[in-house]
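**Q** Prediction below, plus the sequence it came from.
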Amino acid sequence: MISSVPLSVALTVVFVLTGAYALVRWASVRTGVGHPGDPVAELSHVLMSLGMLAMVWAYGGSVLDTVQLIVFTGFAGYFLVHLVRGRARRPGAHRCAGAGLHLVMAAAMVWMIASMPWLMGGGGSGSTGGRHADHSGAAMPDMPGMSGTAGSGTHGMAAAPPARVVALTVLLASALVVVAAVWLARAARGVPGHPAGDGRADRAADRTAAAAGATEGGVGLAVRPAAGPPAALSTRTDAVCHLAMSLGMAAMLLAML
């Protein structure tokens with residue numbers, strides 16, 4: 001899907017690492033090991049990483065695209081509900097999870113899948129919009145708002161995507177860069193009031209908050225006590241993972257233009 005092999009390889013490395021980390025975090029949250037977290041948020045990052053890998057290497061189909069649209073729209077709705085309620089997580093989620101940040105990432109996934117027919121071939125390549133379908137000689141369906149399709153025009157040249165599609169893509173890529181900057185700030189800051197990146201301090205703070213029935217922003221925290229997680233799992237590494245995902249998704253959006 002991406003013409004640049006080095007960029008494809010770089011994005012592959014990024015999303016393999018983020019997917020693996022998110023899977024470990026999801027397992028740690030489900031088993032109660034490590035600092036508290038939101039299993040839905042962690043699962044969303046696992047599936048986002050897999051979806052991005054599929055897009056990088058133009059693997060997909062109409063059924064897969066439809067399933068992804070449904071899944072990531074569901075995740076976006078989940079984060080939106082929490083954002084509207086003024087909560088960054090459901091009871092049990094760790095304090096650094098921001099519903100608004102996750103919402104932008106989920107919305108970007110939905111847009112990438114929905115806009116591929118316009119962006120990757122100027123009107124679509126059947127199911128995924130990737131360039132791999134061009135090589136197979138598959139017919140290109142007409143898309144609304146397009147002056148032509150990848151199978152029409154002189155020598156089958158693809159028409160340029162509508163300006164509004166390009167504008168929204170650039171806007172989302174910019175939003176992802178802003179989201180990445182927020183994750184960077186969270187990673188640099190660590191847990192407020194505790195040594196940044198110190199997993200033992202993070203766990204002690206979680207146990208103290210649970211015992212005291214601490215509140216954040218007026219919302220009670222039902223924090224699950226930590227139980228000796230791997231040192232590599234901390235609120236700082238969580239933020240670094242989300243930072244890498246945000247930048248990788250932004251790069252993918254721009255590469256699709």
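**A** Looks like it came in fine.

**Q** For the chain, which segments are assigned as strands?
**A** Listed in chain order, the strands of the chain (DSSP state E) span 215-216, 219-220.

**Q** what does the average pLDDT come to for the last one?
**A** When you say that, I think you mean strand 219-220. Strand 219-220 shows an average pLDDT of 34 in the prediction.

**Q** Then the first one?
**A** Strand 215-216 carries an average pLDDT of 36.

**Q** any idea how far Met109 is from Pro69?
**A** For the record, residue 69 is Leu, not Pro. Distance of Leu69 to Met109, given as C-beta to C-beta, to the nearest Å: 9 Å. Yep, even glycine has a C-beta here, placed from its N, CA and C like the rest.

**Q** Neighbour count: these two, which is higher?
**A** A count of neighbours by other C-beta atoms under 10 Å puts Met109 above the other of Leu69 and Met109, at 25 against 14.

**Q** What about the closest residue to that one other than its chain neighbours, how many residues nearby?
**A** Distance criterion C-beta to C-beta, 6 or more residues apart in numbering; nearest residue to Met109, sequence neighbours excluded, is Phe72 at 4.3 Å. Neighbourhood size, Phe72 [other C-beta under 10 Å]: 24.

**Q** Kindly report the same for the one 3 residues further on.
**A** The number of residues packed around Phe75, counting by other C-beta under 10 Å, is 23.

**Q** What score does it have for pLDDT?
**A** Phe75 is given a pLDDT of 96.

**Q** for it, what are its contacts?
**A** Phe75 sits next to 40, 44, 47, 102, 106, 109 when contact means C-beta atoms under 8 Å, 6 or more residues apart in numbering.

**Q** Wait, the last one touches Gly248, no?
**A** Just to be clear, that refers to Met109. No. The pair Met109 / Gly248 is not scored as a contact, 11.6 Å apart, by C-beta atoms under 8 Å.

**Q** if I look at these two, which residues touch both of them?
**A** Listed as contacting both Met109 and Gly248 by C-beta under 8 Å, 6+ apart are Met52.

**Q** coming back round to it: wait, doesn't the residue nearest to Met109 sit right on Ile113?
**A** Yes. Look at Phe72 against Ile113 with C-beta under 8 Å: they come within range, at 7.2 Å.

**Q** Give me the common contacts of the two.
**A** Here Phe72 and Ile113 share the contacting residues Gly51, scored by C-beta under 8 Å, 6+ apart.

**Q** For Ala187, see how far away the residue nearest to Met109 is.
**A** Distance of Phe72 to Ala187, computed by C-beta to C-beta: 24 Å.

**Q** low pLDDT regions in this protein?
**A** Within the chain, the segments meeting pLDDT under 70 span 1, 86-97, 120-159, 190-231.

**Q** if you set the cut-off to 90 instead, what comes out?
**A** Regions of the chain meeting the criterion pLDDT under 90 cover residues 1-5, 29-38, 57-64, 81-100, 115-164, 186-236, 256-257.

**Q** how about the helices of it, start to end?
**A** Along the chain, counting by DSSP state H, helices occupy 5-31, 39-56, 62-84, 99-119, 132-136, 163-189, 199-212, 235-255.

**Q** Report all helices and strands that the first one contacts.
**A** Identification of packing neighbours for helix 5-31 by 3 or more C-beta pairs under 8 Å, 6 or more residues apart in numbering; DSSP states H and E yields helix 39-56, helix 235-255.

**Q** could you check the angle helix 99-119 makes with the last one?
**A** Read that as helix 235-255. Angle between the axes of helix 235-255 and helix 99-119 is 20 degrees (criterion: axes from the mean of the first three to the mean of the last three C-alpha atoms, to 10 degrees).

**Q** Buried ones in helix 235-255, by neighbour count?
**A** Residues of helix 235-255 classed as buried: 235-253, 255 (neighbour count, 16 or more other C-beta atoms under 10 Å).

**Q** Quick one: work out the angle between that helix and helix 163-189.
**A** Inter-element angle recorded for helix 235-255 and helix 163-189: 160 degrees (by the same axes, to 10 degrees).

**Q** How about the shortest one?
**A** Between helix 39-56 and helix 163-189, the angle comes out at 130 degrees (the same axes, to 10 degrees).
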